[in-house]
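>>> Just need the structure, nothing else, for what follows:
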Amino acid sequence: MAKIKNTPAESNTQKDPQHWKTGDEPMTGAQKSYLHTLADEAGEKVDDSLTKAEASEKIDELRDGEHVVQDRAKGGPSNTQKDPSDWATGGEPMTGAQKSYLQTLSEEAGVAMDDSLDKAEASKRIDELRARNPRTKSQQ
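Alright, predicted model coming up:
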């Protein structure tokens, strides 16, 4: 079977979402979370039934919008600085990445891992454990 090579203009990061093979599937959890964050900043509502392709296009539209530049120019919190208690999706179950990182930090700290934390709680716990961990303390 011949391997198909993408030219730089046809790479996955630059391909038009309407041409994605999985573009008509429901948006991913990561897309949904990021889309809700951007929509909240813009004061817009999000249709949770968007496809992957539609969500990608909406993310691009909101990310490039004037509201993002204006909010950040006013000193508003970026996505990485917003208090987890204020996250639109903070009450959802923690992500796989959070769970994996939290497990590592818990093992290094010699404390029990709590699998029942939601995204916001997991983020706060990660911050707590990172602050106590000599390996990660210097990276903050």
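>>> Residue ranges in the chain under the pLDDT threshold?
Within the chain, the segments meeting pLDDT under 70 span 1-18, 64-81, 135-140.
>>> what about the helices in this structure?
29-42, 52-63, 66-73, 96-109, 119-132, 134-137 (DSSP state H).
>>> how near is the residue nearest to D114 when sequence neighbours are not counted to A109?
Nearest-residue entry for D114: R125, 7.2 Å, with adjacent residues in sequence omitted and distances by C-beta to C-beta, 6 or more residues apart in numbering. Yep, even glycine has a C-beta here, placed from its N, CA and C like the rest. Distance, R125 to A109, by C-beta to C-beta, to the nearest Å: 10 Å.
>>> The closest residue to R63 other than its chain neighbours and A120: what is the separation?
Nearest non-adjacent residue to R63, counting by C-beta to C-beta, 6+ apart: L38, 6.1 Å away. For L38, the distance to A120 equals 18 Å [C-beta to C-beta].
>>> So if I had to pick from the two, which one is more boxed in?
L38 (21 against 18; other C-beta atoms under 10 Å).
>>> before we move on, back to that, between R125 and A109, who's got more neighbours?
R125 (20 against 14).
>>> quick one: contacts for that one?
R125 sits next to L102, D114, L117 when contact means C-beta atoms under 8 Å, 6 or more residues apart in numbering.
>>> Name the member of these that has the highest neighbour count.
L102 (21 neighbours).
>>> right, and it touches E128 too?
No: using C-beta atoms under 8 Å, L102 is not in contact with E128; the gap is 10.3 Å.
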